[in-house]
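Novice: Sequence first, then the predicted structure:
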Amino acid sequence: MPSFQPLPGFVDLLPEDAARMRHLEETARTLFERCGYREIRPPLVEDAALFERTSGATSDIVQKQMFSIPSRDDAGAFVLRPEGTPGVFRAYLEAGYAKTNPFQKFFYLGPMFRYERPQKGRQRQFHQIGIEAIGSPDPHLDAEIVYLGYRFYEAVGLRQVTVLLNSIGCAACRPAYLQTLRNALTASLDTLCALCRDRFGRNVLRILDCKNAPCTQAVAQAPRIADSLCDDCRSHDRAFRIALKAGLPISEAPRLVRGLDYYTRTVFEYHHPGLGARSAVGAGGRYDGLGERLGGSAIPAVGFAIGVEATLLALEAEGKLPEPGGAGGIFVVYVDRDCRTDAYRLTEGLRNAGVTADLDHMGRSLKSQMKAADARGAHEIWILGPDEISAGTVKIKRLSDGSEKTLPVVEAISHASRAPADAPR
RNA sequence: GUGGGCGUAGCUCAGCCGGUUAGAGCAGCAGACUGUGGCUCUGCGGGUCGGGGGUUCGAAUCCCCUCGCUCACCCCA
């Protein structure tokens, strides 16, 4: 057993894992850029207060899930970002977009950190890919984003994703609903789980989300938030649904709420049946309240985040995990050790000509070199032995059909650089 | 924070009613095929049996402690 392992909840992404993750990231990048979203990279470390102000001091993220870093001069706590939205929004404000060019579409990707007990699909360092459209209240934007998220899952190969939708109102109508909800739940307050009894005063809305039987029962009787929406929220929701592309596998989720405080109106989650109880592969919503929480003016915005690890699990469940392809390219093989330097020079010549090329560095037998070439998925083996070296040639073997030919080295290199053998597949 | 499961080779695991040299498959290396991959066969290397203590003539096996991993609950993208 090695002396050092990754810390609990942290994992080494080996090349095969990194390739899978990169595949998702590149799919997202292509898709999002096509829709006008530009990549933004806020820092991984922010002032703890940023998340306390935005996510809500009562949210679990803030209460117990943040990784804090003591600052040297005791100026306050720093934290590893537990989610992407606040940092993106802070960057938007900091850059002055609100004044110069208020409507901006961003995407971001990278690691997030939460101090949770690790389990399947949940790590302390996990990865998200998210988008944020800041500056517009347009319900068509909600539709664009919900659809875009779905398109991402579709593009990576998932076929069983469903979209859960709800509206949770705004600062104008939600307080009245919260009161209605409290009134409705008062009678059954004693039957609620301990956590929900606590939530009753602190964050009633979250009771809707509770999975404990007594709470779901109590909640089933309670009035729906959809019936308490103000006119503005109602018309926003209506326009959003009209705009939303038909054919999306949508489920109404009248009790869907979010764990973070800044959401308003549209909320949604993407679910996958292959993940069990914790079936979300991504989620998001509108957060018109975030700008004010950061001390600015009200700036409407909407976005979502994709859980990368959850998405990979879903792909695995559908049997669609992409198998990382071989390195391709050319593997240069030396017949005996005296040819190693020539083989090395030939390899460098190929690389300098823009061709993917490699060779053995373990002093292995010819046969083993051939095996290694095959194992790594090379397309051609270039064999260099005393005969070839004295003739200034190289023997080229195609792995696909085993055919061989001998060419002068110079000619072979220029041919390879024109018609690269490392073309995909 | 709470509960369950599991720690034996690089990986997946067998062995565990105590008993000689701790095994298999895969992977690795080498050979059969003396300058040729995939398939096959043969051989080789590789183990503080997570760690510590205890019981015993004898512990991978039984007991205690400890560390680690994992799954679930909680909560959550």
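Specialist: The structure has been received and is ready for your questions.

Novice: Following element in sequence after the least confident helix or strand in chain A by mean pLDDT, please.
Specialist: Confidence across the helices and strands of chain A bottoms out at helix A:60-64, with a mean of 61, counting by mean pLDDT, DSSP states H and E. For helix A:60-64, the following helix or strand on the C-terminal side (DSSP states H and E) is strand A:67-70.

Novice: now the strands for the stretch 101-250 of chain A?
Specialist: Taking DSSP state E, counting those that start in this stretch to define them, one finds strands in the stretch 101-250 of chain A at A:104-113, A:125-134, A:162-167, A:250-252.

Novice: Return the most buried member of those strands.
Specialist: With neighbours defined by mean count of other C-beta atoms under 10 Å, none of these is more surrounded on average than strand A:125-134, at a mean of 24. (Glycine included, C-beta is placed from N, CA and C.)

Novice: For that strand, which strands pair with it and how are they oriented?
Specialist: Taking DSSP bridges as the criterion, strand A:125-134 pairs within the sheet with strand A:104-113 (antiparallel), strand A:301-307 (antiparallel).

Novice: Out of these, which is closest to A:Leu148?
Specialist: strand A:301-307 (8.3 Å; C-beta to C-beta).

Novice: Not counting the helix or strand just after the closest one itself, show me its contacts.
Specialist: Sequence-wise, the next helix or strand downstream of strand A:301-307 (DSSP H and E) is helix A:308-317. Outside helix A:308-317, the residues within contact range by C-beta atoms under 8 Å, 6 or more residues apart in numbering are A:20-21, A:24-25, A:109, A:120-123, A:126-129, A:153, A:156-158, A:160-161, A:272-275, A:280-282, A:321-322.

Novice: May I see the buried residues of helix A:308-317?
Specialist: A:308-315, A:317 (16 or more other C-beta atoms under 10 Å).

Novice: Name the residues of the helix or strand that that helix is followed by that are buried.
Specialist: On the C-terminal side of helix A:308-317, the closest following helix or strand by DSSP H and E is strand A:330-334. By 16+ other C-beta under 10 Å, the buried positions in strand A:330-334 come out as A:330-334.

Novice: Save those as JSON lines, and put in pLDDT and distance to RNA strand B too.
Specialist: As requested, the buried residues of strand A:330-334 are exported to JSON lines (pLDDT from 0 to 100; distance: C-beta to the nearest atom of the strand, whole Å):
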{"residue": "A:Ile330", "pLDDT": "94", "distance to RNA strand B": "13"}
{"residue": "A:Phe331", "pLDDT": "94", "distance to RNA strand B": "10"}
{"residue": "A:Val332", "pLDDT": "95", "distance to RNA strand B": "11"}
{"residue": "A:Val333", "pLDDT": "94", "distance to RNA strand B": "8"}
{"residue": "A:Tyr334", "pLDDT": "93", "distance to RNA strand B": "9"}
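
Novice: which one among these gets closest to A:Gly354?
Specialist: A:Ile330 (11.7 Å).

Novice: on that earlier part again, go through the strands of the stretch 101-250 of chain A and name the closest to RNA strand B.
Specialist: When the strands of the stretch 101-250 of chain A are ranked by proximity to RNA strand B, the top entry is strand A:125-134, at 4.1 Å, counting by C-beta to the nearest atom of the strand.

Novice: and the angle for that closest one with helix A:308-317?
Specialist: Taking axes from the mean of the first three to the mean of the last three C-alpha atoms, to 10 degrees, one finds that strand A:125-134 is oriented at 110 degrees with respect to helix A:308-317.

Novice: touching RNA strand B at all, strand A:125-134?
Specialist: Yes - taking C-beta under 7 Å from any atom of the strand as the criterion, strand A:125-134 and RNA strand B are in contact, through A:126, A:128.

Novice: And for stretch A:172-189, what's in contact with it?
Specialist: When contacts are defined by C-beta under 8 Å, 6+ apart, stretch A:172-189 is touched by residues A:168-169, A:192, A:197, A:200, A:204-205, A:207-208, A:214, A:217-219, A:221-223, A:225, A:228-230, A:232-233, A:264.

Novice: Brilliant, that's me finished.
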